[in-house]
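>>> Fold the following.
(one chain, ligands or ions: 1)
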Amino acid sequence: MRIQVINPNTCLEMTNSIGKSASQVASEKTEIIAVSPSQGVVSIEGHYDEAIAAFHLLELIRQGEQQHVDGHIIACFGDPGLAAARELATAPVIGIAEAAFHVASLIATKFSIVTTLSRTKIIAEHLLIQYGYTHQCAKIHCIDLPVLDLETNEQETYQKLLEMCQSAKQDDGIGAIVLGCGGMAKHAENISKVLDIPVIDGVTAAVKLIEALHGLGIRTSKWGDYDYPNQK
Ligand code: 2AL
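Residues are numbered from 1 along each chain as shown. A predicted model of the protein is given here:
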């Protein structure tokens, strides 16, 4: 099977690192196609960025459908354009925030999120409400470094992430940590090993969820609001 992993920002380094993380967990028979838009925003750090990114992402979803991919992943923690993408797609579409929340909720009664900038916190809060996970999320922590620092300043961001995950583990009364950015995927395994607590990254979680849906032969419903957009 083929999974299109879309980094909705235009940062190619991040697209490559997300693709690598996805490939590491994909089964032997799964091909990961990591893509990003050529136009849009270089990182997604607020509502405006999300709106621009969602517009360009939808074109990539359309292209992926034309290439008959078996699933799409929206690899940004705000899950931008998710419902609209599902209208365009017959293959399943999964956002990395919803994938991470679903998986974390299966292995812990409570989790905390460690994300990037404080201004993106509200986006995660809105998603928790929308997906029905508010009662399971203890706290949202922000490392307060720009998204692109995950590529350009890898060591410092890793250290900050590690420290924040450590205090979340100690203080929040949780059983798992969710990483709140596509660019953090590469650090999940290490942090989990060092801190000895499940650290859920949405990119890898989404790969395994898409593989599961594919195995079950389940695709996006075209009955109801996820039907193709009305022709005008
Ligand atoms: C993100 C993400 O996952 N990619 C990006 O550009 N911005 N979200 C975030 N909260 O940092």
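>>> Once you drop chain neighbours, what's closest to the residue nearest to the spatial centre of the chain?
In the chain, the C-alpha nearest the mean C-alpha coordinate belongs to I96, at 2.2 Å (CA atoms, centre = their mean). Nearest residue to I96 in three dimensions, chain neighbours excluded: G202, at 2.8 Å (CB to CB, 6 or more residues apart in numbering). In this view, the C-beta of every residue, glycine as well, is placed from N, C-alpha and C.
>>> show me the contacts for that neighbour.
By CB atoms under 8 Å, 6 or more residues apart in numbering, the residues touching G202 are A75, F77, G95, I96, A97, E98, A99, A100, V178, L179, G182, A185.
>>> Could you identify the most distant pair in those?
Largest separation among the contacts of G202 by CB to CB: E98 and A185, giving 15.4 Å.
>>> out of those two, which sits in the busier spot?
The neighbour comparison of E98 against A185 (other CB atoms under 10 Å) goes to A185, with 26 against 20.
>>> How about the contacts made by the more buried one?
A185 touches S17, I18, S21, A22, A75, L179, D201, G202, V203, T204, counting by CB under 8 Å, 6+ apart.
>>> Which parts of this structure are helices?
Assigned by DSSP state H, the helices in the chain fall at 12-25, 47-66, 82-88, 96-107, 121-131, 149-152, 154-171, 188-195, 202-216.
>>> count of neighbours near K110?
Taking other CB under 10 Å as the criterion, the count of residues near K110 is 16.
>>> same deal with R86?
Neighbours of R86 (other CB under 10 Å): 22.
>>> how far away is it from the ligand?
19 Å (CB to the nearest ligand atom, to the nearest Å).
>>> Ok, T115 next?
5 Å.
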